[in-house]
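Colleague: quick one, what's the 3D model for this:
(one chain, ligands or ions: 2)
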Amino acid sequence: MLLPSPRGPLSAAIREVLLESPGDGRDGVVAAAELLRQDGSQRDLLHDEDFQITLFLLHALHYRRIAGVDDRWEWDPDLLRVRQVLEDRFETSLRELVDEEAPPIRTAEDVAQVLFERARNAPGPSVSRFVARRATQEQVLEWLVQKSPYQLMEADPHTWAIPRLTGPAKAALVEIQSDEYGGGIPGRMHAEMFRTTMATAGLRTNYGAYLDHIPAITLAGVNAMTLFGLNRRLRGAVAGHLAMFEMTSSQPNRNYARGLRRLNWPEPAAAYFDEHVEADAVHEQIAGRELAGRLVEDHPDEWPNVLFGADCALQLDRLAGEHYLESWTGGRTSLRKPLPSSARDEVVA
Ligand SMILES: [Fe+2]
Ligand SMILES: [Fe+2]
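Modeller: Ligands and ions are numbered 1, 2, ... in the order given. As a prediction, the model looks like this:
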């Protein structure tokens, strides 16, 4: 991945730090931490470009090579402290966003029913229906780009939770992730199938190729998953988030596939979405009953965090969806800047 462009003073400072070696960058980290300490303002962090790209970048150190960056920064204690401050503030914003009492439950089935009920009443506009019926070719390209920071590493953030679970919940997560990773067939890995969709659309497929285009609210959705995944105390949130992801996936993916076919995109572009219509109808059952359900049945104190993760999935999806649809129906790009014309020109006929 290439280092993203800075979006404000904090991301500029962290970018400079990462271009040094951990030994030489110490002063820069201290300066960045000071910048953060002074900036205690109550902004809307979910839409804050400088905040979200910085957290995304610090998380990226745990996932992949960043060109020009010394890998040892991943475990640099001073940089980890900066990440911790960002994560604390981000988690506070997320808890304010959802802020709901957990209804009483007793069994795994109760847990699944509460989650299915929330999925049925998912808030916000339907991006998938818009894509199915109305989206232009250019809007669908934008939407693929918006999805790419997560979908090109699909399943990875939730995988952090595997060693942090035990028993039936762990077995359930491994079963789901095995499908996400293609069951041993590289070409069936969901991230690879999404890569095929992007390539068919004439988009670049290297990770982060369009990162500078991606707005904060999209990054916030990815950052929430990584926040949950990297913090063992939030493993319940991983379970709830994944369950809600799966429960709100099957029908929307049917709509997305319909949209691509309406625009006469070649069949390989739709394979990723077709796959999710089938797979996630199964995954939602496993995730609701066996992963989230059994986790809470065996560890009742996990219930508030399971619900927190599930509600974050719903609310962040709502905010992102509102942004995309308001942009498109208002005749604007949903990205921070329009896609380069080269991306549009290569679109399949
Ligand atoms: Fe998937
Ligand atoms: Fe799935």
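
Colleague: need the residues of the stretch 201-349 of the chain near ligand 2, please.
Modeller: For the stretch 201-349 of the chain, the contact set with ligand 2 under C-beta under 5 Å from the ion comprises D280, H283. Every residue, glycine included, has its C-beta placed from N, CA and C.

Colleague: and the residue of the stretch 201-349 of the chain that's closest to ligand 2?
Modeller: With C-beta to the ion, the shortest gap between the stretch 201-349 of the chain and ligand 2 falls at H283, namely 3.9 Å.

Colleague: apart from its chain neighbours, what residue comes closest to that residue?
Modeller: Spatial nearest neighbour of H283, chain neighbours left out: E246 (4.1 Å); criterion: C-beta to C-beta, 6 or more residues apart in numbering.

Colleague: doesn't D280 make contact with that neighbour?
Modeller: Yes: in this structure E246 lies within contact range of D280 using C-beta atoms under 8 Å: 5.1 Å.

Colleague: who's more crowded, those two?
Modeller: Between E246 and D280, E246 has the larger neighbour count (other C-beta atoms under 10 Å), namely 26 against 22.

Colleague: tell me what the lengthiest helix in the chain is packed against?
Modeller: Using DSSP state H, we find that the single longest helix of the chain is helix 303-329. Here helix 303-329 touches helix 77-98, helix 108-120, helix 127-133, helix 137-151, helix 216-230, helix 235-247, helix 294-298, going by 3 or more C-beta pairs under 8 Å, 6 or more residues apart in numbering; DSSP states H and E.

Colleague: dump those helices to TSV, plus mean pLDDT and distance to L325.
Modeller: Below are these laid out as TSV (pLDDT from 0 to 100; distance: least, C-beta to C-beta, whole Å):
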stretch	mean pLDDT	distance to L325
helix 77-98	96	19
helix 108-120	97	20
helix 127-133	98	6
helix 137-151	97	10
helix 216-230	98	12
helix 235-247	98	20
helix 294-298	98	34
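
Colleague: how close does the one residue sitting closest to the centre of the chain get to L45?
Modeller: Nearest to the mean C-alpha position of the chain, by C-alpha atoms, centre = their mean, lies V222 at 2.7 Å. Using C-beta to C-beta, to the nearest Å, V222 is found at 14 Å from L45.

Colleague: A320 now?
Modeller: A320 is 15 Å from L45, by C-beta to C-beta.

Colleague: equivalent analysis for A287, please.
Modeller: 28 Å.

Colleague: how about G259?
Modeller: Using C-beta to C-beta, we find G259 at a distance of 32 Å from L45.

Colleague: please parse the protein into its domains.
Modeller: Using automatic domain parsing, the domain parsing of the chain gives 9-98, 108-345.

Colleague: hmm, the last one touching ligand 1?
Modeller: Which is domain 108-345. Yes: residues of domain 108-345 contacting ligand 1 under C-beta under 5 Å from the ion: E180, H190.

Colleague: got any ranges where this structure has weak pLDDT?
Modeller: Applying pLDDT under 70 to the chain picks out residues 342-349.

Colleague: I figured G68 hits L3, correct?
Modeller: Yes: with contact defined as C-beta under 8 Å, G68 reaches L3; the gap is 6.3 Å.

Colleague: what do the two both touch?
Modeller: Common contacts of G68 and L3, defined by C-beta atoms under 8 Å, 6 or more residues apart in numbering, comprise L18, L19.
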